[in-house]
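# Everything below, folded, please.
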Amino acid sequence: MAYEKITKGFGNTSTSPCLTATTSEHFPDHLFSVRQPNTVPSKPMRKAKERLTVTLRVDLLERLRNAVFWTPNLTLARLIQEAVTQYVDALEEKNGEPFSRRIHELKGGRPRQIRAETLHA
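Next comes the predicted model:
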């Protein structure tokens with residue numbers, strides 16, 4: 001009488017045990033959940049992120065920090081990301097469609113001051 005061996009092992013990149021089995025007519029495939037050796041389940045793709053430095057009013061920054069402190073599982077980054085997403089969504093809705101891709105990169109730094117005499121010329 002033949003039977004197949006079921007072994008308990010570890011994948012190369014996984015810390016959780018997995019079962020590997022060799023099946024035959026005595027052990028139908030539907031009885032086993034078989035993972036191929038050395039395979040790792042694919043992780044969902046994360047959207048790329050980029051660091052941005054901004055200057056905020058002190059009172060606003062304190063309000064943000066207080067909100068994060070008193071809201072379980074909320075981070076400052078997530079709060080800001082969700083708030084900015086909602087605001088841009090509203091701007092795009094007001095615009096009637098998403099904004100076109102910009103034709104050049106934004107200039108860094110503060111906007112230049114326009115002199116009063118230039119406006120009256």
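
# The helix or strand containing K94 - contacts with which helices or strands?
Element membership of K94, judged by DSSP states H and E, is helix 76-95. Packing partners of helix 76-95 (3 or more Cβ pairs under 8 Å, 6 or more residues apart in numbering; DSSP states H and E): helix 58-70. For every residue, glycine as well, the C-beta is placed using N, CA and C.

# got a list of contacts for the helix it packs on?
56, 74-76, 79-80 (Cβ atoms under 8 Å, 6 or more residues apart in numbering).

# Which one of those residues is nearest to A90?
I80 (15.8 Å; Cβ to Cβ).

# Skipping adjacent residues, who's closest to that closest one in space?
L64 (7.1 Å; Cβ to Cβ, 6 or more residues apart in numbering).

# if I pick L91, what's in contact with it?
F99.

# Over to K94?
No contacts exist for K94 under Cβ under 8 Å, 6+ apart.

# re the thing from before, so can I have TSV of the contacts of helix 58-70 showing distance to P44, pLDDT and neighbour count?
Shown next, in TSV, are these (distance: Cβ to Cβ, whole Å; pLDDT from 0 to 100; neighbours: other Cβ atoms under 10 Å):
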residue	distance to P44	pLDDT	neighbour count
L56	32	95	11
L74	22	97	13
T75	19	97	10
L76	24	97	13
L79	22	97	15
I80	23	96	15
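
# In TSV: the residues you listed, plus distance to S100.
Formatted as TSV, those follow (distance: Cβ to Cβ, whole Å):
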residue	distance to S100
L56	28
L74	33
T75	32
L76	31
L79	29
I80	25
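
# ok, of these, which one's closest to Q113?
Nearest to Q113 among those: L56, at 21.2 Å, using Cβ to Cβ.

# Low-confidence stretches in this structure?
1-41, 116-121 (pLDDT under 70).

# switch to 80 and redo it
1-43, 109-121 (pLDDT under 80).

# got the CA coordinates for stretch 49-64 in PDB?
The C-alpha coordinates for stretch 49-64 follow below in PDB (Å, rounded to 0.1, in the frame of the first residue of the first chain):
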ATOM      1  CA  LYS A  49       5.700  58.100  -2.000                       C
ATOM      2  CA  GLU A  50       7.900  61.100  -2.000                       C
ATOM      3  CA  ARG A  51       8.900  63.300   0.900                       C
ATOM      4  CA  LEU A  52       7.700  66.900   0.900                       C
ATOM      5  CA  THR A  53       8.700  69.600   3.300                       C
ATOM      6  CA  VAL A  54       6.200  72.400   4.000                       C
ATOM      7  CA  THR A  55       5.900  75.200   6.500                       C
ATOM      8  CA  LEU A  56       2.600  75.400   8.400                       C
ATOM      9  CA  ARG A  57       1.300  78.000  10.900                       C
ATOM     10  CA  VAL A  58       2.100  76.900  14.500                       C
ATOM     11  CA  ASP A  59      -1.500  76.900  15.600                       C
ATOM     12  CA  LEU A  60      -2.500  74.600  12.700                       C
ATOM     13  CA  LEU A  61       0.300  72.300  13.400                       C
ATOM     14  CA  GLU A  62      -0.700  72.100  17.000                       C
ATOM     15  CA  ARG A  63      -4.300  71.300  16.000                       C
ATOM     16  CA  LEU A  64      -3.000  68.500  13.700                       C
END
